[in-house]
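Chemist: sequence unknown, structure follows:
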């Protein structure tokens, strides 16, 4: 949701009893994404009980914890400084990755490896392309399953 909207997800089955669910757990709770992309999710613990002073919460809200994850393999960003473009993409330890470029997005040929194959590490990786001198350049990441 845009514009600072917040979606709340219940993480406990307790109904306000301070001793009812100390671990904040719901059996079978799963999160998933059905569209490829890079996702950012922020978690913030917030006490909505009425067991504290003046029938308010016992605990103050925690600081947000933001995590990123990806569905499929996706380029997260492309930034350019003079003739160097830096391409950032998510990886997985189960795959090898090759970053390629082309000046024609729709071409089936002409894609050039920006660098050789790199093993994924479950983190975002950034690859510089020092040949980004054209007015327009397109990038893609090819992922192949790592076979030891």
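Modeler: Received, thanks. Remember, predicted model here, so these are calculated numbers, not experimental data. Numbers count the residues shown, from 1 in each chain.
Chemist: secondary structure element for residue 58?
Modeler: Residue 58 belongs to no helix or strand when assigned by DSSP states H and E.
Chemist: next, the buried residues of the helix or strand hosting residue 144.
Modeler: With the criterion set as DSSP H and E, the secondary-structure element containing residue 144 is strand 138-145. In terms of neighbour count (16 or more other CB atoms under 10 Å), strand 138-145 has its buried residues at 139, 141, 143. To be clear about C-beta, it is placed using only N, CA and C from the backbone, and glycine gets the same treatment.
Chemist: just the pLDDT for the residue lying closest to residue 138 once chain neighbours are set aside.
Modeler: Beyond its immediate neighbours in the sequence, the residue positioned closest to residue 138 (CB to CB, 6 or more residues apart in numbering) is residue 105, lying 4.5 Å away. Predicted confidence (pLDDT) for residue 105: 92.
Chemist: SS state for residue 105?
Modeler: Using DSSP: H, G, I helix; E, B strand; the rest coil, the three-state assignment for residue 105 comes out as coil.
Chemist: tell me the phi and psi of it?
Modeler: phi -60, psi -40 (degrees, to the nearest 10).
Chemist: what number of residues lie near it?
Modeler: Neighbouring residues of residue 105 were enumerated by other CB atoms under 10 Å; the total is 10.
Chemist: and for residue 83?
Modeler: Neighbours of residue 83 (other CB under 10 Å): 11.
Chemist: gap between the closest residue to it other than its chain neighbours and residue 109?
Modeler: Of all residues beyond its chain neighbours, the one nearest residue 83 is residue 133 (4.7 Å), with distances taken as CB to CB, 6+ apart. The spacing between residue 133 and residue 109, counted by CB to CB, to the nearest Å, is 21 Å.
Chemist: settle it for me: which of those two has more neighbours?
Modeler: When residue 133 and residue 109 are compared on other CB under 10 Å, the one with more neighbours turns out to be residue 133, at 11 against 6.
Chemist: in which helix or strand would I find that one?
Modeler: Assigned by DSSP H and E, residue 133 falls within no helix or strand.
Chemist: hmm, residue 80 and it touching each other?
Modeler: No. With contact defined as CB atoms under 8 Å, residue 133 does not count as touching residue 80 (10.3 Å).
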